[in-house]
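Undergrad: need coordinates for the following:
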Amino acid sequence: MTKPELDKRDWIAGLEKGLAILEAFDDQHARMTPTQAAVRTGLTRTAARRYLLTLAHLGYVQTDGKLFNLTPRVLRVGWSYFESARLPRIVQPYLQQLSAQIHESVYVSVLDEWDLVIIARNGSTRVMTTGFVLGARVPAALMSGGIVMLAYRPDEASVRRWLDATEFKPFTPLTITNRDTLYERIRKARADGYVEMEQQLQMGVRGIAVPIKNRHGEVVAALSVNMPIGKETSEAALARLLQPLQETALSMLNVI
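TA: Predicted coordinates for the structure are as follows:
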């Protein structure tokens, strides 16, 4: 999450603003006027309108003359990551083997700033209602993989600052929103080397995650399983799944 320094001579402000327009669209702002886009991006209305019209000309947004919305062409940009990045390709065979072994859906995820992003997955053969699609993005504190990634951040103080500056939304009655409790959960995950979480994002769902390290010992991703709780206790789930997760993560060590 540390960004390299960039010489001002190499900075293209227009590219930054164009991407900001694209990122301004979300589930609460699926269609926007130039004025609304300007408010969300900090641009003037005139600038926002020009960027929207340019993006419409390129095929990334469409308009009815008043409102603008994204088109499927935007997916080209995101999908380029999966087609070009090394990590998702490397881990996929390991996920297939692990999923077949434990009969659960398994995921590899990374941090993008303070969000957790699913970059690889493999589903079980049974019907699942707890899965996440490739590219799914959720606040890191809500998922086991996110807690693991936060636990191994080199700068622990930055995690504390982020917690203190963030307002956490309860997605279920059991979602942890207390900053001190979340911080202790993160610290415990680092001490234990894994984390087990229940019903934070969705009722009736449990997640277990372990870190994936490269050959230099750096944590580069999280390996997790996401499943219905059913009648299985936390202790039974950990006894059944933790060792296969840890063994799979360890087997990736020399190829990442």
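
Undergrad: give the residue spans of the stretch 1-150 of the chain that score low on pLDDT.
TA: Along the stretch 1-150 of the chain, the model assigns pLDDT under 70 to residues 1-3, 124-131.

Undergrad: what are the boundaries of the strands in it?
TA: 61-63, 68-70, 105-112, 115-122, 137-139 (DSSP state E, counting those that start in this stretch).

Undergrad: kindly report the same for the stretch 151-256 of the chain.
TA: With DSSP E, counting those that start in this stretch applied, the stretch 151-256 of the chain shows strands at 195-198, 205-213, 219-228, listed in chain order.

Undergrad: make JSON lines out of those strands and add distance to residue 254, mean pLDDT and mean neighbour count.
TA: Every residue, glycine included, has its C-beta placed from N, CA and C. Below are those laid out as JSON lines (distance: least, C-beta to C-beta, whole Å; pLDDT from 0 to 100; neighbours: other C-beta atoms under 10 Å):
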{"stretch": "strand 195-198", "distance to residue 254": "24", "mean pLDDT": "96", "mean neighbour count": "22"}
{"stretch": "strand 205-213", "distance to residue 254": "10", "mean pLDDT": "97", "mean neighbour count": "24"}
{"stretch": "strand 219-228", "distance to residue 254": "13", "mean pLDDT": "95", "mean neighbour count": "24"}
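
Undergrad: please look at residue 238 and residue 197 and confirm they touch.
TA: No - counting by C-beta atoms under 8 Å, residue 238 stays clear of residue 197, with 11.7 Å between them.

Undergrad: shared neighbours, the two?
TA: residue 208 (C-beta atoms under 8 Å, 6 or more residues apart in numbering).

Undergrad: that older thread, among the strands of the stretch 1-150 of the chain, which is the most enclosed?
TA: Highest mean neighbour count among the strands of the stretch 1-150 of the chain (mean count of other C-beta atoms under 10 Å): strand 105-112, with a mean of 23.

Undergrad: what about stretch 229-236, start to end distance?
TA: Length of stretch 229-236, first residue to last, C-alpha to C-alpha, to the nearest Å: 11 Å.

Undergrad: again with stretch 20-37
TA: End-to-end distance for stretch 20-37: 9 Å, by C-alpha to C-alpha.

Undergrad: quick check, pLDDT for residue 154.
TA: pLDDT for residue 154: 86.

Undergrad: tell me the backbone dihedrals of it, please.
TA: phi -60, psi -40 (degrees, to the nearest 10).

Undergrad: and it, how many neighbours?
TA: Using other C-beta atoms under 10 Å, residue 154 has 9 other residues around it.

Undergrad: what does residue 16 give?
TA: Residue 16 has 10 nearby residues by other C-beta under 10 Å.

Undergrad: what do you get for residue 4?
TA: 4.

Undergrad: now it: how far from residue 103?
TA: From residue 4 across to residue 103, the span is 42 Å (C-beta to C-beta, to the nearest Å).

Undergrad: okay then, goodbye and thanks.
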